[in-house]
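Novice: Sharing a model prediction with you, sequence too.
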Protein chains: 2
Amino acid sequence: MRRYIAVDIGGTQVRAACYPASKLKSIKIARTTTQATDPEDPVTSPLERIQNLIASIWPADGKVCAISVAAPGPINPYQGILVEAPNIPGWINVPLQQNLSERFKVPVVLGNDANLAALGEWKYGAGKGHHHLIYLTVSTGIGGGVIIDDRLLLGANGLAAELGHTTVMIDGPLCGCGQRGHLEAVASGTAIANWVEAELSQGVQSILPIDKPVSAKRISEAAQKGDKLCIAALARAGHYIGRALADFLHIFNPSIVIIGGGVSKSGPLLLDPMYKAMQEHVLNPHYLDGLVLTTAAFGDEVGLVGALALGRTTYPDCRSKKS
Amino acid sequence: MRRYIAVDIGGTQVRAACYPASKLKSIKIARTTTQATDPEDPVTSPLERIQNLIASIWPADGKVCAISVAAPGPINPYQGILVEAPNIPGWINVPLQQNLSERFKVPVVLGNDANLAALGEWKYGAGKGHHHLIYLTVSTGIGGGVIIDDRLLLGANGLAAELGHTTVMIDGPLCGCGQRGHLEAVASGTAIANWVEAELSQGVQSILPIDKPVSAKRISEAAQKGDKLCIAALARAGHYIGRALADFLHIFNPSIVIIGGGVSKSGPLLLDPMYKAMQEHVLNPHYLDGLVLTTAAFGDEVGLVGALALGRTTYPDCRSKKS
């Protein structure tokens, strides 16, 4: 029986799982830290660690259709190159596809993690049956993935769908990318925490613990308990995401919008202001005709599920690569 | 010999042309006003006028592959319905495809004019050979068209690629669509004229004729003569378009950006500040790798050329409709 290997490379952790030809339950799964943490550990290169992890779940009969990899940061999916891995020092222009295919003698395919999350939700999750889909993950940063006519939007060099890096506030807060006022700089988990910290420093009252760092998770918890500052912080982020979504509707005219990522777990305190702003800022009610708004079906596992979707979509019969 | 009929419906004028199977030079071309202007004219309905116009260029042997129509405003290309024609009173949900195919007994296909301009530039003009293309027309309004993987971006209901209706200035000037701060409200020909008028009313000096209405065309002419206010107006519009383009690069990662429309004829006074702002606001230089920035190959004829591209792309062999 042929199998698919999916790999999810994160800044701190790498996961790999072996899947059967058609089901969503993995046969075998393993994880390791992306970089060696034990000074005694002889394996220090992230690449070797990934190779060993894949080898550890390799099926005994050796029958694997393809290895598919979800990776953060800019990647070139056409050339199978990790252009930059923000949290892995020294990983610049790593030819991961070539490396893994030489090592394991099977086809290898790479995708950006947010793009693949969109693909996973489209193929197996909240977006099943839709042909035009926007996926937005609101987490430490804000990432995006877009399905158009049942195809993943990649662009000329695979750098498309960076929906978190679109401007919602001219000359607004500094973004991690160096620009200002991007959606990510205004409404990500990091941005929410920054805004709350600035308010606290102005003397605004809150039930947030003063002895612990302010985080989106703690803000969400305090908001659920009725903390006004934290409720306002989530509403503000939701509002800006909703405004950006209205623009994205005008750009993509999707039939479904899926919100994922840790911050989306804040629920209605984030999502209600978001949907309200989106509806208020849409240019024409036709954009809302039949539009589905929903949260992601997958949580942390979306990296593996997305990579699996990429592997199965690219090599559906273990032979041909779909154009 | 089989032929294609292309129709370009404008607010004031309709044009129709008959083309051979593969060349860009029309065999026959005709035009009329969209609405009857002569009170003696017995034909008053725009639909009849369009039908008569098509009939007037119909080839004697009757051999036509398809009729393709470019129309302004929201249309549903899947259902062949003109949802709204802003400048033709009473034209709401006109089933143009059904009407024309019943009348002429050939396949009929509809497209939004800015989308089809993109398709025309991609197939025959400045974008030939590119697979990922953004077309922006800067005219009275700002329209967009996007080619992704050699396919026109349409969205679930054909309302996608409204690039002029994305927010560049929160709570900025009122847009024709009723929202605020859209690119169209800040940088279209109309917006440029509004801004200059506001400056003039503040007493800013200019060589613009005081006895004529301020228009983008007059502003462009005065700017070419060195008028500081008009130069500033074009630079301001270019700056905001450039900022928006940076976002569009992050969203679509195209290999070419084509600027069309009357205002683009202002040349470097608009385009230089535009390209500068785009480059300054891109998050990562990889988005500029090999990127071509250019102006449109077609002028007023782009409506017909775009419709022709749609007809030939949809019915390439006069029989099958490409999915």
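Specialist: Okay, I see it. Numbers count the residues shown, from 1 in each chain, chains lettered A, B, ... in the order given.
Novice: For the stretch 201-323 of chain A, what lies in contact range of chain B?
Specialist: A:243, A:246-247, A:250-255, A:281, A:283-284, A:286-287, A:289-290 (CB under 8 Å from any CB of the partner chain). Any C-beta I mention is one placed from the backbone N, CA and C, and that applies to glycine too.
Novice: Go through those residues and flag which are in helices.
Specialist: If you go by DSSP state H, these have A:243, A:246-247, A:250-252 in helices.
Novice: among those residues, which ones are buried?
Specialist: A:243, A:246-247, A:250-252 (16 or more other CB atoms under 10 Å in any protein chain shown).
Novice: Kindly present these as a markdown table, with separate columns for distance to B:Gly144 and pLDDT.
Specialist: What follows is those, written out as a markdown table (distance: CB to CB, whole Å; pLDDT from 0 to 100):
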| residue | distance to B:Gly144 | pLDDT |
| --- | --- | --- |
| A:Arg243 | 19 | 98 |
| A:Ala246 | 16 | 98 |
| A:Asp247 | 12 | 98 |
| A:His250 | 9 | 98 |
| A:Ile251 | 8 | 98 |
| A:Phe252 | 12 | 98 |
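Novice: Tell me the one of these nearest B:Asn157?
Specialist: A:Phe252 (11.2 Å; CB to CB).
Novice: Quick check, the closest one in contact with B:Gly158.
Specialist: No - under the criterion of CB atoms under 8 Å, A:Phe252 is not in contact with B:Gly158, lying 11.8 Å apart.
Novice: Read off the pLDDT value for the residue sitting furthest away from the middle of chain A.
Specialist: Distance from the C-alpha centroid of chain A, by CA atoms, centre = their mean, peaks at A:Gly203 (34.9 Å). Per-residue pLDDT puts A:Gly203 at 95.
Novice: mind checking the SS state of it?
Specialist: coil (DSSP: H, G, I helix; E, B strand; the rest coil).
Novice: if I look at it, how far off is A:Tyr135?
Specialist: 39 Å (CB to CB, to the nearest Å).
Novice: Can you give me the first-to-last residue distance of stretch A:95-111?
Specialist: 13 Å (CA to CA, to the nearest Å).
Novice: Give me the contacts around it.
Specialist: A:5, A:47, A:50-51, A:54, A:58, A:64-71, A:75-77, A:79-82, A:119, A:152, A:306-307, A:310-311, A:314-315, A:321 (CB atoms under 8 Å, 6 or more residues apart in numbering or on different chains).
Novice: Quick check: phi and psi at A:Arg31.
Specialist: Dihedral pair for A:Arg31: phi -140, psi 160, per degrees, to the nearest 10.
Novice: can you pull the contacts of it?
Specialist: If you count contacts by CB under 8 Å, 6+ apart, then A:Arg31 has A:13-16, A:53 around it.
Novice: tally of neighbours for A:Arg312?
Specialist: 22 (other CB atoms under 10 Å in any protein chain shown).
Novice: In space, what's closest to it - neighbours in sequence excluded?
Specialist: A:Tyr4 (6.1 Å; CB to CB, 6 or more residues apart in numbering or on different chains).
Novice: before we move on, what about A:Gly143?
Specialist: A:Gly143 sits nearest to A:Ala114 (CB to CB, 6+ apart), 3.0 Å away.
Novice: From the structure, what's the count of residues near the residue of the stretch 201-323 of chain A found nearest chain B?
Specialist: Going by CB to the nearest CB, chain B is nearest to A:Asn253 of the stretch 201-323 of chain A, at 2.5 Å. Neighbours of A:Asn253 under the rule other CB under 10 Å: 24.
Novice: secondary structure class for A:Asn157?
Specialist: Using three-state DSSP, the structure places A:Asn157 in coil.
Novice: Settle this for me: it is touching A:Asn112, isn't it.
Specialist: No - assessed by CB under 8 Å, A:Asn157 is found out of contact with A:Asn112, at 11.4 Å.
Novice: The two: which is more packed in?
Specialist: Comparing A:Asn157 with A:Asn112 by other CB under 10 Å, the one with more neighbours is A:Asn112, at 29 against 22.
Novice: how close does the nearest residue to that one once chain neighbours are set aside sit to A:Glu162?
Specialist: In this structure, A:Asn112 finds its nearest non-sequential neighbour in A:Ile75, 5.4 Å apart by CB to CB, 6+ apart. A:Ile75 is 12 Å from A:Glu162, where distance means CB to CB.
Novice: what's the helix or strand for the most centrally placed residue in chain A?
Specialist: In chain A, the centroid-proximal residue (CA atoms, centre = their mean) is A:Ala114; its distance is 3.0 Å. In the assignment (DSSP states H and E), A:Ala114 maps to helix A:113-124.
Novice: Tell me the helix or strand right after that helix.
Specialist: strand A:133-138.
Novice: Quick check: can you name the pairing partners of that following strand and their directions?
Specialist: Using DSSP bridges, strand A:133-138 pairs in its sheet with strand A:142-148 (antiparallel), strand A:256-260 (parallel).
Novice: Just confirm the residue nearest to A:Gly143 contacts A:Gly144, I think it does.
Specialist: Yes - counting by CB under 8 Å, A:Gly144 is a contact partner of A:Ala114 at 5.7 Å.
Novice: And the residue of the stretch 101-250 of chain A closest to chain B?
Specialist: A:Gly155 (2.5 Å).
Novice: Can you show me the strands along the stretch 51-200 of chain A?
Specialist: A:64-71, A:75-76, A:81-84, A:92-94, A:108-112, A:133-138, A:142-148, A:151-152 (DSSP state E, counting those that start in this stretch).
Novice: hmm, the first one in reach of chain B?
Specialist: No - taking CB under 8 Å from any CB as the criterion, strand A:64-71 and chain B are apart, separated by no less than 15.3 Å.
Novice: partners of that strand in the sheet?
Specialist: Strand A:64-71 is paired, per DSSP bridges, with strand A:3-9 (parallel), strand A:108-112 (parallel).
Novice: export these to JSON lines and tack on mean pLDDT and distance to B:Pro39?
Specialist: As requested, these are exported to JSON lines (pLDDT from 0 to 100; distance: least, CB to CB, whole Å):
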{"stretch": "strand A:3-9", "mean pLDDT": "97", "distance to B:Pro39": "71"}
{"stretch": "strand A:108-112", "mean pLDDT": "97", "distance to B:Pro39": "62"}
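Novice: What about A:Lys265, how many residues nearby?
Specialist: Neighbours of A:Lys265 (other CB under 10 Å): 15.
Novice: Give me the phi and psi for it.
Specialist: Dihedral angles (degrees, to the nearest 10) for A:Lys265: phi -70, psi -10.
Novice: was I right about it contacting A:Ser220?
Specialist: Yes - judged on CB under 8 Å, A:Lys265 makes contact with A:Ser220 at a distance of 7.0 Å.
Novice: Could you measure from A:Cys65 over to chain B?
Specialist: 24 Å (CB to the nearest CB, to the nearest Å).
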